[in-house]
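Visitor: what follows is a protein structure lacking sequence information:
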């Protein structure tokens, strides 16, 4: 399981460091608030610590009440889900731990901590949030502690940490794009409930509404590794815009169950294995919002927050069964 399956909790993780907007009475004070401190600012440390504690407490309580209180908890156990969801959940763990590491790092830098100390804070916060999910999963009857999920967390954290240590910047970023899709209203089975459709099954798995669809539905999500060729040659490729990135995408479609498209509901076996479960691979362009030049510190902060989202652009797609498709504008 991952934080993207809990939209409200996903939003809380964004609030952790960048939801700290006080009452501001002047433009200069507004700018100063978003400017990282040159020295350790104890007031900012207290402010960030307070909001961090509130965010984590709300995250933990909300997580338990939303997912585990109704299922009940049992003995801690592990669960091997390496083949589940065509690895989309593992990509989500990489994305979550990556962007949480960066948010924690930037928040600590805002407080005035050194680069090395900020890196420790960022990594620690990302691992705390992600490990909390796995520990709760470990006590849940329906899930279990997943070492593959933890591996995804480590990869995401490692990608952020290694780049900061080597280059002191992020030349490769993990981003997310998502757009709701319409599901068939046809029944999965001829022998099942005629009023029960693929759309109903999707709502059971992923929820309904725009927020659930974009943040929870693996059939609508694409995870991207985005980078600038110009940055890879240390800025020597002068004809390539600094903010223009090349992106490699990973997605899936046809997922109506974790391992197979076969499930049981009210003692009726629904078999939708005629629907192919496919991985999708994309090539597209993207904009690195952090490279957009502006002197406005609020805009810089805003760009950093939304830089976890892939900008819609034309894309080329090839899936795991060999079909190639072009998209004039892919979300």
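Guide: Structure's in. What do you need? As the structure is a prediction and not an experimental result, all values here were calculated from the model.
Visitor: can you pull out the helices in the stretch 151-300 of the chain?
Guide: All helices of the stretch 151-300 of the chain, identified by DSSP state H, counting those that start in this stretch, fall at 198-206, 210-216, 229-232, 297-306.
Visitor: any idea which of those gets closest to residue 322?
Guide: Closest to residue 322 of these, according to CB to CB: helix 198-206, at 24.0 Å. Heads up, the C-betas are built off the backbone N, CA and C, glycines and all.
Visitor: show me what the helix or strand harbouring residue 45 is packed against.
Guide: For residue 45, the enclosing helix or strand under DSSP states H and E is helix 42-63. For helix 42-63, the packing partners by 3 or more CB pairs under 8 Å, 6 or more residues apart in numbering; DSSP states H and E come out as helix 7-18, helix 88-111, helix 115-139.
Visitor: ok now that helix, how far from the chain's centre?
Guide: Centre-to-centre, helix 42-63 and its host chain are 20 Å apart (CA atoms, centre = their mean, to the nearest Å).
Visitor: now do it, average pLDDT.
Guide: Mean pLDDT, computed over helix 42-63, is 89.
Visitor: same question for stretch 204-215.
Guide: Stretch 204-215 comes out at a mean pLDDT of 84.
Visitor: between the two ends of it, how far is it?
Guide: Stretch 204-215 has an end-to-end distance of 15 Å (criterion: CA to CA, to the nearest Å).
Visitor: from here on, count from 51
Guide: That works, and once the first residue is 51, the last one we named lands at stretch 254-265.
Visitor: farthest residue from the center of the protein?
Guide: Most distant residue from the mean C-alpha position of the chain: residue 241, 38.3 Å away (CA atoms, centre = their mean).
Visitor: ok, it - contacts?
Guide: residue 318 (CB atoms under 8 Å, 6 or more residues apart in numbering).
Visitor: can you rerun that using 10 Å?
Guide: By CB atoms under 10 Å, 6 or more residues apart in numbering, the contact list for residue 241 reads 318, 319, 320, 321.
Visitor: any chance of the helices of the stretch 201-350 of the chain in TSV, plus distance to residue 99 and mean neighbour count?
Guide: Shown next, in TSV, are the helices of the stretch 201-350 of the chain (distance: least, CB to CB, whole Å; neighbours: other CB atoms under 10 Å):
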stretch	distance to residue 99	mean neighbour count
helix 248-256	35	18
helix 260-266	27	18
helix 279-282	34	16
helix 347-356	19	16
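Visitor: ok, residue 246 to residue 318 distance?
Guide: Residue 246 sits 9 Å away from residue 318, going by CB to CB, to the nearest Å.
Visitor: ok, these two, which is more surrounded?
Guide: residue 246 (17 against 13; other CB atoms under 10 Å).
Visitor: distance check, that one against residue 269.
Guide: 18 Å.
Visitor: likewise residue 211?
Guide: 31 Å.
Visitor: also residue 364?
Guide: 21 Å.
Visitor: comparing those two, which shows the higher neighbour count?
Guide: Neighbour count, other CB under 10 Å: between residue 364 and residue 269, residue 269 has more, with 22 against 12.
Visitor: pretty sure that one sits against residue 306.
Guide: Yes: counting by CB atoms under 10 Å, residue 269 sits close enough to residue 306 to count as a contact (8.6 Å).
Visitor: now do the shared contacts for those two.
Guide: Common neighbours of residue 269 and residue 306 (CB under 10 Å, 6+ apart) are 233, 252, 255, 327.
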